[in-house]
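In: any chance you could fold what I've pasted below:
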Amino acid sequence: MSSKRLTPFQTVTLTLLYLYVTRNFAKLFNLESPEPLANLYTRSYFRATWVMTALDAGFWTAMRIRRKWLRDACSMVFSVYYLFAAERADEKVCFTGASRRKWRNGMLTARAGASSQSNDNGRPSPRLLGEANYTVSALTD
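Out: Alright, predicted model coming up:
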């Protein structure tokens, strides 16, 4: 009776491989849409923005740490992490993808709520502008 069992190293390797394949399935099988800005900029420009985005994301992640020496050390460690997790760095810095849509929808909802609840009773300037516009249009007719 021989049963082959996976070693812990094999288990970890297979788990990480599974996570990579599930996250990058479209890239691996060439199903991803082309980058719209790929032809506009040079390769070195994209590399520079990738590095700067990783540095910014690392800094912003460590920003809440109070001790300066620990904040600086964590900022470097987080920046190295974001060099490998470029999509997460982009979400952290640029609000791209789903997080940008959430932020934008939240802003639009907040603006719509603020404008729908506003009234001109307490503020004379919109009322005066409306009356001035009416007066000017009455004089020109």
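In: and for Lys68, the neighbour number?
Out: Neighbourhood size, Lys68 [other C-beta atoms under 10 Å]: 8. For every residue, glycine as well, the C-beta is placed using N, CA and C.
In: where does the chain dip in pLDDT?
Out: Low-confidence regions of the chain, defined here as pLDDT under 70, cover residues 1-3, 37-38, 95-141.
In: now the helices: where do they sit in it?
Out: 8-23, 25-28, 43-62, 68-84, 86-94, 97-117, 124-140 (DSSP state H).
In: pull the second one out as PDB, backbone CA atoms only.
Out: Taking Å, rounded to 0.1, in the frame of the first residue of the first chain, the C-alpha atoms of helix 25-28 are listed here in PDB:
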ATOM      1  CA  PHE A  25      -5.700  33.700 -16.200                       C
ATOM      2  CA  ALA A  26      -6.500  36.300 -18.900                       C
ATOM      3  CA  LYS A  27      -2.800  37.300 -19.300                       C
ATOM      4  CA  LEU A  28      -1.600  33.700 -19.500                       C
END
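In: that helix - contacts with which helices or strands?
Out: If you count contacts as 3 or more C-beta pairs under 8 Å, 6 or more residues apart in numbering; DSSP states H and E, helix 25-28 packs onto no helix or strand.
In: and the contacts of that helix?
Out: Applying C-beta atoms under 8 Å, 6 or more residues apart in numbering, the contact partners of helix 25-28 are Val21, Leu31, Glu32.
In: got JSON lines for these, with distance to Cys74 and neighbour count too?
Out: Putting the contacts of helix 25-28 into JSON lines (distance: C-beta to C-beta, whole Å; neighbours: other C-beta atoms under 10 Å) gives the following:
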{"residue": "Val21", "distance to Cys74": "30", "neighbour count": "11"}
{"residue": "Leu31", "distance to Cys74": "37", "neighbour count": "8"}
{"residue": "Glu32", "distance to Cys74": "33", "neighbour count": "11"}
